[in-house]
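Student: I need the structure of the sequence given here:
(chains A, B, C and D)
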Protein chains: 2
Amino acid sequence: MCLLWEGPSEPSRGPKAGLSLEAIVQAGLMLVDAEGLNALTMARVADELGVTPMATYRHIPSKEELLDLMIDAAFERAPRCGADNWRRELTKWAKAELALFRRRPWLLQTVLQRVAVGPNWTAWLNAAMTALSSTSLRGGELFGAITLIDAHVRAAAQIFVGAPGAWSENFNWVLERATQDPRFPALGRIVAESATDSDENVEREIEDQFEFGLERLLDGIETFLQARDNGRARRRRRGA
Amino acid sequence: MCLLWEGPSEPSRGPKAGLSLEAIVQAGLMLVDAEGLNALTMARVADELGVTPMATYRHIPSKEELLDLMIDAAFERAPRCGADNWRRELTKWAKAELALFRRRPWLLQTVLQRVAVGPNWTAWLNAAMTALSSTSLRGGELFGAITLIDAHVRAAAQIFVGAPGAWSENFNWVLERATQDPRFPALGRIVAESATDSDENVEREIEDQFEFGLERLLDGIETFLQARDNGRARRRRRGA
DNA sequence: TCGAATAGTATATGACATATACAGTTAGCA
DNA sequence: TGCTAACTGTATATGTCATATACTATTCGA
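Tutor: As a prediction, the model looks like this:
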């Protein structure tokens, strides 16, 4: 937390460090980007840096904290969102987040329970807030709307990342089985109707589903804004 | 996968088993429900059953597989959804899922990447499909819509589970800091406007945000259905 | 009744995070 | 100018885990 926001403290005495927080985090990112979250061990990180495992502990308190730092670092380059046309800007934001998750799938595995809220992630939040700043959404509504979009992006990314590999394979297997299973009549009907896609189509279809969902979300928000703003206008007219 | 769908095979010879898959999974659930996912070690599970750690391996191939079984077991009792009034039925479904995640927060930590799609989870899917079966949604659209709802529920649950503990504390700390930080003007403005909530209100507010989001989602789907179904009707009228 | 298949045990191994003790380095201060 | 506290990186040790391997006891079908 403090490392996340305040960075390392610089000592006055002692040998100059060959190592740095920055370098460790970068090494971790390199590793994880290339080989996934399971490959992240202190030993591997240390190797990457040509150093003994314990050396890293001079710069970070624990592996967990390193992960937090890596997560925030992964959220570099928040998109720049304008305050005009919230629909367009929010779409831009969502697509940027989706791209990020596709580039760094391991981020999806880092549970947000103990959120690593650092400056970079905050910049993303700020961008989304900016996009929505011209609407009449306030306080909790803003967080609600952004959480909504974010959740959708994560879900889509989750599916993207697995497809057309394990996920869709596994899933198609289940669907096939479910068709025959009398316990799942509705599912069986759906599957019978829709042809199984070839792997090339899966990617396209997921993309479509993402956009479909995003449009539904934005529609929902828009409906809400219109209903409320119209109501307000009417009340104002009548009241004045 | 096979254990998940076909259950254990019953041997003809050998001593009768004191242990069973069922018992192991239940012990695991008990443990995890009480002490969280980190408490799940084979040794603890074995202890719970009064047995050596290795004994469990006569019934499961690995800890990972045990987790898969536990996850599916946790999804017992899918809600019964009718085919009338999809909005109501889908709302029921979403609330049931939210309740499940609040009862078993550790489920949120089990990443869905390598989804443990078992009979119980499939029953949930089937219920949602049933709820939507009276609409004109088809194939991928159905999956898209359900994924949308599911993602929203998970996100809300995520926040619920953390609040009013670490998450909101942590988060408020960040918000406070962000207010002063010139890098996050939009965020600063929001926070300045909306008063910080007392912990009692946080729970209520999250609940509201969940319902707010859910309504937006359903609105979005409804808008889509209306637009399309109207379009179809018009085309049909003109065409006929 | 014999022995292959099986359940549970005992013990060993290897991966991993991390504590502890140490050796070499630097800069402020006596 | 050197002393030494504050520091960096290393070497080694420990404890926790999942899980392989070898073993003993049990059961049923041939």
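
Student: which helix in chain A runs the most residues?
Tutor: helix A:199-239 (DSSP state H).

Student: pLDDT averaged over that one, what's the number?
Tutor: The pLDDT scores in helix A:199-239 average 81.

Student: Could you list the low-pLDDT ranges of chain A?
Tutor: A:1, A:14, A:111-116, A:162-171, A:194-202, A:240 (pLDDT under 70).

Student: Residue A:71 contacts residue A:110, correct?
Tutor: Yes: counting by CB atoms under 8 Å, residue A:71 does reach residue A:110; the two are 5.4 Å apart. (Each C-beta comes from the backbone N, C-alpha and C, glycine too.)

Student: any idea how far the residue nearest the centre of chain A is from residue A:77?
Tutor: Nearest residue to the geometric centre of chain A (CA atoms, centre = their mean): residue A:154, 5.1 Å. Residue A:154 is 18 Å from residue A:77, where distance means CB to CB, to the nearest Å.

Student: hmm, back to that, would you confirm that the residue nearest to the centre of chain A contacts residue A:108?
Tutor: Yes: Residue A:154 sits in contact with residue A:108 when judged by CB under 8 Å, with a separation of 6.5 Å.

Student: any shared contact partners between these two?
Tutor: residue A:101 (CB atoms under 8 Å, 6 or more residues apart in numbering or on different chains).

Student: how many neighbours does residue A:50 have?
Tutor: 10 (other CB atoms under 10 Å in any protein chain shown).

Student: Phi, psi for it please.
Tutor: With angles defined as degrees, to the nearest 10, residue A:50 sits at phi 60, psi 50.

Student: List the residues that contact it.
Tutor: Residue A:50 touches nothing, counting by CB under 8 Å, 6+ apart.

Student: where's it relative to residue A:18, distance?
Tutor: 9 Å.

Student: and what of residue A:42?
Tutor: From residue A:42 to residue A:18 the distance is 17 Å (CB to CB).

Student: The two - which one has more neighbours?
Tutor: residue A:42 (19 against 10).

Student: Please tell me how far the more buried one sits from DNA strand C.
Tutor: 4 Å (CB to the nearest atom of the strand, to the nearest Å).

Student: try residue A:231
Tutor: Separation of residue A:231 from DNA strand C (CB to the nearest atom of the strand): 54 Å.

Student: my guess is residue A:177 contacts residue B:5, does it?
Tutor: Yes: if you go by CB under 8 Å, residue A:177 and residue B:5 touch, sitting 6.8 Å apart.

Student: how about the residues of chain A that lie near DNA strand D?
Tutor: For chain A, the residues in contact with DNA strand D (CB under 7 Å from any atom of the strand) are A:11-19, A:51-55, A:57-59.

Student: Tell me the secondary structure of the residue nearest to the centre of chain A, please.
Tutor: Per DSSP: H, G, I helix; E, B strand; the rest coil, the local secondary structure of residue A:154 is helix.

Student: residues in contact with it?
Tutor: With CB under 8 Å, 6+ apart, residue A:154 has these contacts: A:101, A:108, B:151, B:155.

Student: List the contacts of stretch A:205-221.
Tutor: A:87, A:90-91, A:94, A:98, A:137, A:145, A:148-149, A:152-153, A:156, A:159-160, A:163, A:197, B:140-141, B:143-145, B:147-148, B:215-221, B:223-224.

Student: out of the contacts of residue A:154, who's nearest residue A:231?
Tutor: Closest approach to residue A:231 among the contacts of residue A:154 (CB to CB): residue B:155, at 27.9 Å.

Student: For that closest one, give me its contacts.
Tutor: A:147-148, A:150-151, A:154.

Student: Apply 10 Å and report the result again.
Tutor: A:112, A:144, A:147-152, A:154-155, B:108, B:209-210, B:213 (CB atoms under 10 Å, 6 or more residues apart in numbering or on different chains).

Student: Kindly report the same for residue A:76.
Tutor: Per CB under 10 Å, 6+ apart, neighbours of residue A:76: A:29, A:100, A:119-120, A:123-124.

Student: among the contacts of residue A:154, who's most crowded?
Tutor: residue B:155 (24 neighbours).

Student: if I look at that residue, how far off is residue A:110?
Tutor: In terms of CB to CB, residue B:155 sits 15 Å off from residue A:110.

Student: All the helices of chain A, in order from the start?
Tutor: Using DSSP H, helices in chain A cover A:2-6, A:21-35, A:42-49, A:53-56, A:63-74, A:86-103, A:119-132, A:139-162, A:166-180, A:185-193, A:199-239.

Student: and the angle for the second one with helix A:63-74?
Tutor: What it means is helix A:21-35. Relative orientation of helix A:21-35 versus helix A:63-74 (axes from the mean of the first three to the mean of the last three CA atoms, to 10 degrees): 80 degrees.

Student: Helix A:21-35 near chain B anywhere?
Tutor: No: legend: contact between helix A:21-35 and chain B by CB under 10 Å from any CB of the partner chain is lacking; minimum distance shown is 14.4 Å.

Student: Make sure residue A:58 is actually in contact with residue A:49.
Tutor: No: the criterion here is CB atoms under 10 Å, and residue A:58 misses it with residue A:49 at 11.9 Å.
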